[in-house]
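Peer 1: Let's see this in three dimensions:
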Amino acid sequence: MKKLKVIGSFEKISFPDFSLYDVIAKIDTGATSGAIHATEIEEIELPTGEKAVRFRPLGRGSRYTVQTFTMGMIRSSNGQSQLRYIIPTTVEVQNVQYKINISLADRSLMKKDVLIGRKFLRSHGFIVDVTRGNKYGELGRIPI
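Peer 2: Model (predicted):
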């Protein structure tokens, strides 16, 4: 039997591929997939002719270019569907690194820059204890 790991409703996480550390994420079992706030999202063609997606994670800092991506129709909490870029990356939760596929979205109207959904939680054996992590839920966006 797989040992379950407990995670709070809000959790400090990091994205080492993008030099983003201690970002407060909303852990949402009602959401199928995850999303990270990004701006200046654009598909580009590299000098090699390959396609890539370029974006600014959390809307500040450096822009990143990722060659491996897919497109997916994602339904947001308001019920509207949106075509988004989905990228593979690494997320660090409770000092352990995991692979994650996460969509790039404008989350500027949301309280948290990152949403982690149940696909990730299920695939890595997390259960959510809603009494944990609430101190982070009170905080709004934290500047990096």
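
Peer 1: give me every residue that touches Lys29.
Peer 2: Quick fix: residue 29 is Thr, not Lys. By CB atoms under 8 Å, 6 or more residues apart in numbering, Thr29 lies in contact with Gly117, Arg118, Leu121, Val128. C-beta: built from backbone N, CA, C; applies to glycine.

Peer 1: just the helices in this protein please.
Peer 2: Taking DSSP state H as the criterion, the chain contains helices spanning 118-123, 134-137.

Peer 1: among those helices, where is the model least confident on average?
Peer 2: Out of these, helix 134-137 stands lowest, with a mean of 66 (criterion: mean pLDDT).

Peer 1: Quick one: distance of stretch 9-21 to the chain centre.
Peer 2: 9 Å (CA atoms, centre = their mean, to the nearest Å).

Peer 1: With stretch 73-93 instead?
Peer 2: Taking mean C-alpha positions (CA atoms, centre = their mean), stretch 73-93 and its chain are 8 Å apart.

Peer 1: Flag every buried residue along that stretch.
Peer 2: Buried residues in stretch 73-93, defined by neighbour count with 16 or more other CB atoms under 10 Å: Ile74, Arg84, Tyr85, Ile86, Ile87, Thr89, Val91, Glu92, Val93.

Peer 1: can you pull the contacts of Ile7?
Peer 2: Ile27, Val93, Gln94, Leu121, Phe126, Ile127, Val128, Asp129, Arg132, Gly133.

Peer 1: swap in Arg107?
Peer 2: Ala35, Ile36, His37, Asp113, Val114, Leu115.

Peer 1: Only the buried subset of those, as a PyMOL command please.
Peer 2: Selection of buried members from the contacts of Arg107 for PyMOL, criterion 16+ other CB under 10 Å:
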select buried, resi 35+36+37+113+114+115
